[in-house]
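Peer 1: My questions concern the predicted model and sequence given below.
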Amino acid sequence: MCEVKVESRTRVEEHGRTVLYEKIYRGVPTQGGGLRLLAYYERRIPLARMQMELRAVGHEKEWKGAA
């Protein structure tokens, strides 16, 4: 029996701000061609916040390298 994992990322603009929607499905294929769902995960990430976090991580690496 094999397991299938599907990841979907969609960028949407809401009220002038860009948002990333991430969905992850995990399941087992059925004989009828469907998917028996084992796990489902969805999250909404405002890209402005994500970019700030990435910048913060980049600065931490610079500080560690300077020491």
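Peer 2: Noted; the coordinates are in hand. Numbers count the residues shown, from 1 in each chain.
Peer 1: Under a three-state scheme, what state does the spatially most central residue of the chain occupy?
Peer 2: Central residue of the chain (CA atoms, centre = their mean): residue 22, 4.0 Å from the mean position. Here residue 22 takes the strand state, with states given by DSSP: H, G, I helix; E, B strand; the rest coil.
Peer 1: Isn't it up against residue 12?
Peer 2: No. Between residue 22 and residue 12 there is no contact under CB atoms under 8 Å: 11.5 Å. Yep, even glycine has a C-beta here, placed from its N, CA and C like the rest.
Peer 1: State the distance from the closest residue to residue 8 other than its chain neighbours to residue 32.
Peer 2: Once flanking residues are discounted, residue 8 sits nearest to residue 23: 4.5 Å by CB to CB, 6 or more residues apart in numbering. In this view, residue 23 and residue 32 are 23 Å apart by CB to CB, to the nearest Å.
Peer 1: Neighbour count for these two, which is higher?
Peer 2: Between residue 23 and residue 32, residue 23 has the larger neighbour count (other CB atoms under 10 Å), namely 13 against 6.
Peer 1: low pLDDT regions in the protein?
Peer 2: Counting by pLDDT under 70, the chain has low-confidence residues at 49-67.
Peer 1: residue ranges of the helices in it, please?
Peer 2: Taking DSSP state H as the test, the helices found in the chain are 47-66.
Peer 1: can you pull up the bridge partners for the residue nearest to residue 8?
Peer 2: Going by DSSP bridges, residue 23 is paired in beta bridges with residue 8, residue 42.
Peer 1: Can you name the residues that contact it?
Peer 2: 7, 8, 9, 10, 40, 41, 42 (CB atoms under 8 Å, 6 or more residues apart in numbering).
Peer 1: Among these, which one lies nearest to residue 28?
Peer 2: Residue 28 lies nearest to residue 40 out of the contacts of residue 23, by CB to CB, at 13.4 Å.
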